[in-house]
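**Student:** Need a 3D model of the sequence below.
(6 chains)
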4 protein chains.
Amino acid sequence: MVHSVIGSSSNPPSPALRREREKQQRREAILDAAERVFAAQGFHGASIDRIAQEAAYASGTIYLYFKDKDALYSALLLRKLAGMVDCVEEAAQAGADPLESLRLAIRAQFEFNDRNREFFEVFTRHRVAEQAEHAEEWKRVHETLERHHAVLARLIERGQRKKVLRSGDSRTYAAALLGSIIHMSHEMEISDAPLGREADFVFDLFLKGAQRPASPSL
Amino acid sequence: MVHSVIGSSSNPPSPALRREREKQQRREAILDAAERVFAAQGFHGASIDRIAQEAAYASGTIYLYFKDKDALYSALLLRKLAGMVDCVEEAAQAGADPLESLRLAIRAQFEFNDRNREFFEVFTRHRVAEQAEHAEEWKRVHETLERHHAVLARLIERGQRKKVLRSGDSRTYAAALLGSIIHMSHEMEISDAPLGREADFVFDLFLKGAQRPASPSL
Amino acid sequence: MVHSVIGSSSNPPSPALRREREKQQRREAILDAAERVFAAQGFHGASIDRIAQEAAYASGTIYLYFKDKDALYSALLLRKLAGMVDCVEEAAQAGADPLESLRLAIRAQFEFNDRNREFFEVFTRHRVAEQAEHAEEWKRVHETLERHHAVLARLIERGQRKKVLRSGDSRTYAAALLGSIIHMSHEMEISDAPLGREADFVFDLFLKGAQRPASPSL
Amino acid sequence: MVHSVIGSSSNPPSPALRREREKQQRREAILDAAERVFAAQGFHGASIDRIAQEAAYASGTIYLYFKDKDALYSALLLRKLAGMVDCVEEAAQAGADPLESLRLAIRAQFEFNDRNREFFEVFTRHRVAEQAEHAEEWKRVHETLERHHAVLARLIERGQRKKVLRSGDSRTYAAALLGSIIHMSHEMEISDAPLGREADFVFDLFLKGAQRPASPSL
DNA sequence: TATGAATGAGAGTTCATTCAT
DNA sequence: CATGAATGAACTCTCATTCAT
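**Tutor:** This is a model prediction of the structure:
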């Protein structure tokens, strides 16, 4: 008896729970496979057969986990974007002050883009016709994109309140900043320059601008 | 001299030349139709039949002017991008000094994006798998994208030489700036804010940065 | 004797028998579920998964009771048709004379068709390709359809022997009569006319025909 | 010139007309093939590939003539049913009086059923889920079925007006009569009995009924 | 017995591309 | 040059059936 109580932590969980957990794992495995294939071939280039093959399943099995190709794609997109936003948000929290947070967020975004180059290509390149049928999924995708901007915008607002950043619409500042990051991630794709350098470049440019300060002398 | 002047305006050109010119006109007409259809339906959504219909040709005729769908798409893309770069470049030339030129270029880019919203969506969202078969076309597309950055980079360099802009890799400055413009064009899509305001916002941010200048006192 | 009498009501039957009986009950439950689903969706529209769900079993379980979908369908069909013939036959037995029996049989057939409208639709609309593999089941189905006609044919023969019906091939009379009933059941589907009226109409028409009797005068 | 005017009847028709006519011929050829395949395999058993093969076309070609499988099926059904009704109606017109017309109509219906045994099987066995999408086609099918009954009902009404048939709802008489014909066509399928005999049997039964006339003597 | 995840053949459908006219 | 009917490979999706648990 004692044994069983003690051992309760290593006892098999209820079958129903275990089954649910395993189902989630298989779902994730399919998403992983789909990510690889979508990243390599784009949305239209990726066939369900190919994704199933990559996941070591039969094609029909995919449909046990996702209603159709669009649902699979938007689920993947959502997972990825949520991961991205979480990653940036988390990085920002490590900063001691708004500017430091911003610097860390920028760097995190660069790093995320770099780690997810292929998928990132697909994401910026394709948004499925956002049909009424998948409205729910797409609403969540949009909310996540919204959150993406909101994370940066909030940092900027904090900087404004601390009087270290100029006033102005934080959402617009965030969009301009994010645009620089994303585009540079694209462009610098090939170069092997250390990411930190680019991140700091963007951070610096965002703060100080490109204009040459009037020489203090005179 | 006299002959050539007279002939140039009223003599029939050689039949071969005329035919060539007409062929080019029909090609352009097809590109026009393709632009409308691609813009409305995206690359995969646009069928050759639909494009042919829009151009008032039979589907087979399209293939007399373009090798295949990819070739049509990349020709269209090239025309569009070249137009975009020309438009920005031209706007810049009207500026009296590097900063003025930059301001005008930014504004021109915003305006172009706005005028070509639909196509622009497609362009950022889709790049055909850049197959070996279409290497030549894609090389030209890349050269044009290169030129796009080069136009801005050159303005920046001029600013640097005039000591109004800080030193640093002009190509990187250009990428950061362009990213802001493009992303804001996307994001602001819905708002009816005057373009000029956004353009000036970006210009201003690019020059001065977001940091609050240390208070002049002391 | 006493033992057996007492035991027959309260003693547990042999486990083997009980199990067999329970198995039959489960089989019937599946047939009930299948009937509902086939009636609602037709043969091809009804999926095994849907039937299993309706029967509160897992899909695999169905295959423990029926070899395949066709076998399930033909077993169901057989049960239904047998029930139909029994029902008509039984109704006929209540008649005092052949004509009364015929009238009751016709009415019973109309009522059965009405009660089983949905399934009846499916039945007339679909006969599985009668494959060699299911020859046995289909033979029994055909025997039952045969019995269906035989029931009416026998009543007609009795009427012929009693000289109240004209001579002629009773099987052919039966087919003509049954055709009228079935077709009218279909056609009258929507109308809410009382069944009895239609049944009596058919009975009357079958007996007297549609021709106007020569006027008795003269 | 004169020649061409005179020859106008043998001159090639306008290309547009010829094209339209040929298109109709190809459409009919596909319907012919579809009829054979549907008759042999039923609606669900018949694949588009198989039908295309039977018509000596590629599968995609079918879709140039019919929107989808359902449209092909309902077009076929409509053609067949219209042919059937026309055939019965025409036969009736040859009759000198209502009863003669009825006799001819019954015979024509038997003959049609016999000639179209296979398709007829399919028709009675399958009605595609009558989706909203194909509402128009199905409306026409229903109208034709309606016309089928109407043809017989009108003959019966004429007989009633001439006082050779009893009064009563002609539509109901027609349904009862048609049911007998259809069902007997099914049942007698195998027998090689001359059709005329069955037709006359049904006609006779419909008119006089099965009841033995009371012997006039006594 | 019962389960239900997995299978995979096969269905309907689309559309870029060809070629006889 | 222009046509547009024909092609057929490739795609997404379904579902009867199996089998390890």
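**Student:** Count the neighbours of the closest residue to chain C within chain A for me.
**Tutor:** Using CB to the nearest CB, A:Leu64 is the residue of chain A that sits closest to chain C, at 11.4 Å. Where C-beta positions appear, they are placed from N, C-alpha and C, glycine not excepted. Here the count is done by other CB atoms under 10 Å in any protein chain shown, and A:Leu64 has 11 residues near it.
**Student:** tell me which element A:Gln24 falls in.
**Tutor:** When secondary structure is defined using DSSP states H and E, the element that contains A:Gln24 is helix A:15-45.
**Student:** Buried residues in that helix, which are they?
**Tutor:** Buried residues in helix A:15-45, counted by 16 or more other CB atoms under 10 Å in any protein chain shown: A:30-31, A:33-44.
**Student:** Any idea which residue is closest to the centre of chain A?
**Tutor:** Note on chain A: the residue nearest the mean C-alpha position is A:Met84, at 2.1 Å, using CA atoms, centre = their mean.
**Student:** Settle this for me: that residue is touching A:Phe110, isn't it.
**Tutor:** No: in this structure A:Met84 lies outside contact range of A:Phe110 using CB atoms under 8 Å: 11.7 Å.
**Student:** three-state assignment of A:Gly168?
**Tutor:** Counting by DSSP: H, G, I helix; E, B strand; the rest coil, the backbone at A:Gly168 sits in coil.
**Student:** May I have the phi/psi pair for it?
**Tutor:** Backbone torsions of A:Gly168, given as degrees, to the nearest 10, read phi 140, psi 170.
**Student:** residues near it, how many?
**Tutor:** Using other CB under 10 Å, A:Gly168 has 14 neighbouring residues.
**Student:** next one: A:Glu54
**Tutor:** Neighbourhood size, A:Glu54 [other CB under 10 Å]: 18.
**Student:** What is the least confident helix or strand in chain A?
**Tutor:** Averaged element by element with mean pLDDT, DSSP states H and E, chain A has its least confident helix or strand at helix A:2-6 (a mean of 47).
**Student:** roughly how far apart are the residue of chain A found nearest DNA strand E and A:Glu133?
**Tutor:** Of chain A, the residue with the smallest distance to DNA strand E, taken as CB to the nearest atom of the strand, is A:Gly60 at 1.6 Å. Remark: distance between A:Gly60 and A:Glu133 (CB to CB, to the nearest Å) = 21 Å.
**Student:** more crowded one of the two?
**Tutor:** With other CB under 10 Å as the criterion, A:Gly60 and A:Glu133 differ in neighbour count, and A:Glu133 comes out ahead with 12 against 9.
**Student:** give me the low-pLDDT residue ranges for chain A?
**Tutor:** Counting by pLDDT under 70, chain A contains low-confidence residues at A:1-14, A:121-131, A:189-193, A:215-218.
**Student:** repeat that for 50
**Tutor:** A:1-2, A:4-8 (pLDDT under 50).
**Student:** Could you break it into its assigned domains?
**Tutor:** Split into domains by automatic domain parsing, chain A comes to A:16-66, A:68-124+A:134-209.
**Student:** just these: most buried one?
**Tutor:** For those, ranked by mean neighbour count under the definition mean count of other CB atoms under 10 Å in any protein chain shown, the leader is domain A:68-124+A:134-209 at a mean of 18.
**Student:** Would you pull up how far that domain lies from the middle of the chain?
**Tutor:** When distances are taken as CA atoms, centre = their mean, to the nearest Å, domain A:68-124+A:134-209 is centred 8 Å away from the chain's centroid.
**Student:** right, quick check: it against DNA strand E, any contact?
**Tutor:** No: if you take CB under 7 Å from any atom of the strand as the test, domain A:68-124+A:134-209 misses DNA strand E, and the best it gets is 12.2 Å.
**Student:** what about that domain, start to end distance?
**Tutor:** Here the two ends of domain A:68-124+A:134-209 are set 47 Å apart, with distance taken as CA to CA, to the nearest Å.
**Student:** Please report how far A:Ala71 lies from C:Arg212.
**Tutor:** In this structure, A:Ala71 lies at 69 Å from C:Arg212, with CB to CB as the measure.
**Student:** quick check, nearest of the buried residues of helix A:15-45 to A:His186?
**Tutor:** A:Ala39 (14.7 Å; CB to CB).
**Student:** Look up how far A:Leu145 lies from the closest residue in space to the closest one that isn't next to it in sequence.
**Tutor:** Excluding the flanking residues, the one nearest A:Ala39 by CB to CB, 6 or more residues apart in numbering or on different chains is A:Glu118, at 3.4 Å. A:Glu118 is 20 Å from A:Leu145, where distance means CB to CB.
**Student:** on that earlier part again, which residues lie in contact with the residue nearest to the centre of chain A in this structure?
**Tutor:** Contact criterion CB atoms under 8 Å, 6 or more residues apart in numbering or on different chains gives A:Gln109, A:Phe112, A:Asn116, A:His148 as the residues in contact with A:Met84.
**Student:** and if you look at A:Ala176?
**Tutor:** Contacts for A:Ala176 (CB under 8 Å, 6+ apart) come out as A:Phe206, B:Ser180, B:His183, B:Met184, B:Phe201, B:Val202, B:Leu205.
**Student:** List the contacts of the last one.
**Tutor:** So the one you mean is B:Leu205. Taking CB under 8 Å, 6+ apart as the definition of contact, the neighbours of B:Leu205 are A:Tyr173, A:Ala176, A:Phe206, A:Gly209, B:Ser180.
**Student:** can you tell me the helix or strand for the residue of chain A closest to DNA strand E?
**Tutor:** Under DSSP H and E, the secondary-structure element containing A:Gly60 is helix A:59-65.
**Student:** what's the spacing between A:Leu165 and DNA strand F?
**Tutor:** For A:Leu165, the distance to DNA strand F equals 46 Å [CB to the nearest atom of the strand, to the nearest Å].
**Student:** can you pull up the bridge partners for that residue?
**Tutor:** In this structure, A:Leu165 bridges to B:Gln211 when assessed by DSSP bridges.
**Student:** and the helix holding A:Gly60, does that touch DNA strand F?
**Tutor:** Yes: contact between helix A:59-65 and DNA strand F, assessed by CB under 7 Å from any atom of the strand, occurs at A:Ser59, A:Gly60, A:Tyr63.
**Student:** ok, and the closest non-adjacent residue to A:Ala40?
**Tutor:** Distances taken as CB to CB, 6+ apart place A:Glu118 nearest to A:Ala40, at 6.6 Å, with adjacent residues excluded.
**Student:** how near is the one you found to B:His183?
**Tutor:** Remark: distance between A:Glu118 and B:His183 (CB to CB) = 21 Å.
**Student:** for A:Ile62, same thing?
**Tutor:** A:Ile62 sits at a distance of 34 Å from B:His183 (criterion: CB to CB).
**Student:** can you tell me the helix or strand for A:His186?
**Tutor:** Going by DSSP H and E, A:His186 is part of helix A:170-187.
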